[in-house]
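Enquirer: coords please:
(one chain, ligands or ions: 2)
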Amino acid sequence: MAVFSYLSKLLEALGVSFTLSMEYLLFAGTIFLFFYVWKKRKYWYFKIQQRFPDNKHIIREIKYSFFTVIIFGVVILPVMWASKERLTLVYYPVSKYGYGYYVFSILLMIALHDTYYYWTHRLLHWKKIFRYVHKIHHLSLNPTPFSAYALHPVEALIDVSIIPIIVFTIPYHISAVTIFSAYTLGMNVSGHLGFEFFPSGFTRHKIFKWHNTATHHNMHHRYVKYNFSIYFNFWDRIMKTNHPHYEDTFEGVIEQRRAGAAMADDALDPLKINISLAEQEKVLN
Ligand SMILES: [Zn+2]
Ligand SMILES: [Zn+2]
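Expert: Residues are numbered from 1 along each chain as shown. Ligands and ions are numbered 1, 2, ... in the order given. Coordinates of the predicted model:
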């Protein structure tokens, strides 16, 4: 009997990993196909770095993503069991604390994750850890939607640990965590998209400047020692870790977009803001 019970739990765990992989593959895959295959030429001017990464990099990203999803499943499954057994701060129905709290709880999860991400990311950049763990993610110098989950297993574990932290600290409705997870995935994939769609002036606007852009994280992949935050530009501004040329680079990307749209396709030059691969290698080592 016990064997069957373990077997069914194992199948359930595989089911969670499978569902996560399907969601991720479908989401990142669709976005990848749209921007990197189907509309490659149409949105070329929006590309932050004016070149596409080699296939070998994309294959590496997908390979690491596969392990990341398995680790996510292994951590999320016990959280789901604990949730079912009411061992966490789960509550039903939504009306128990009202819709005001429901929305607030999602914003709280996002704010908590924003802080958690910034500080664990800083830790991952600590020299002694970086070369063994986080360097894997930084092998993507020109990120694609698949870079989002291209993580060393230890980093994947650190990343997904926000879920157990949330369910034991914030009273939550299960659908609030689902919305939070979808938001995280969406922001993570768009941050690694490699294309900038925000308008000129965004990073200098008194309200919008607090929200990160695709250029912000794209610069983190190239310059490594700056731009550690995920959703908001709050911690990077407070800790003075924003790249000193962040705003100018953003405007440069917008300018290139404007100029590119007015140019013939074959007259495009690589972006001036790119640093050479050799230079990037130096930064990484
Ligand atoms: Zn990093
Ligand atoms: Zn990244």
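Enquirer: And His211, its phi and psi?
Expert: phi -100, psi 140 (degrees, to the nearest 10).
Enquirer: now Thr241
Expert: phi -110, psi 10.
Enquirer: again, but for Arg41
Expert: phi -80, psi -40.
Enquirer: Give the burial count for it, as a bare number.
Expert: 8 (other C-beta atoms under 10 Å). All C-beta spots, glycine's among them, are computed from the backbone N, C-alpha and C.
Enquirer: What of Asn55?
Expert: 8.
Enquirer: Any figure for the gap between it and Asn212?
Expert: 28 Å (C-beta to C-beta, to the nearest Å).
Enquirer: Next: Ser8.
Expert: Applying C-beta to C-beta to Ser8 and Asn212 gives a distance of 42 Å.
Enquirer: Please identify which of the two sits among more neighbours.
Expert: Taking other C-beta under 10 Å, Ser8 and Asn212 do not tie; Asn212 has more neighbours (25 against 10).
Enquirer: ok, the nearest residue to that one once chain neighbours are set aside - contacts?
Expert: Spatial nearest neighbour of Asn212, excluding adjacent residues (C-beta to C-beta, 6 or more residues apart in numbering): Asn233 at 5.5 Å. When contacts are counted by C-beta atoms under 8 Å, 6 or more residues apart in numbering, Asn233 touches Lys209, Trp210, His211, Asn212, His216, Asn242.
Enquirer: Ramachandran coordinates for Asn233?
Expert: Per degrees, to the nearest 10, the backbone of Asn233 is at phi -90, psi 20.
Enquirer: Read off the pLDDT value for it.
Expert: Here, the pLDDT recorded for Asn233 equals 96.
Enquirer: Return the distance of it relative to Tyr226.
Expert: Distance from Asn233 to Tyr226, by C-beta to C-beta: 12 Å.
Enquirer: isn't there a strand covering Lys225?
Expert: No - going by DSSP: H, G, I helix; E, B strand; the rest coil, the assignment for Lys225 is coil, not a strand.
Enquirer: Can you pull out the low-pLDDT segments for the chain?
Expert: 1-4, 9-17, 263-285 (pLDDT under 70).
Enquirer: next structured bit after the helix or strand containing Met22?
Expert: Using DSSP states H and E, Met22 maps to helix 2-32. The C-terminal neighbour of helix 2-32 among helices and strands, as given by DSSP H and E, is helix 55-84.
Enquirer: From the chain's centroid, how far away is that next one?
Expert: 13 Å (C-alpha atoms, centre = their mean, to the nearest Å).
Enquirer: again, but for stretch 152-166
Expert: With C-alpha atoms, centre = their mean, you get 13 Å for stretch 152-166.
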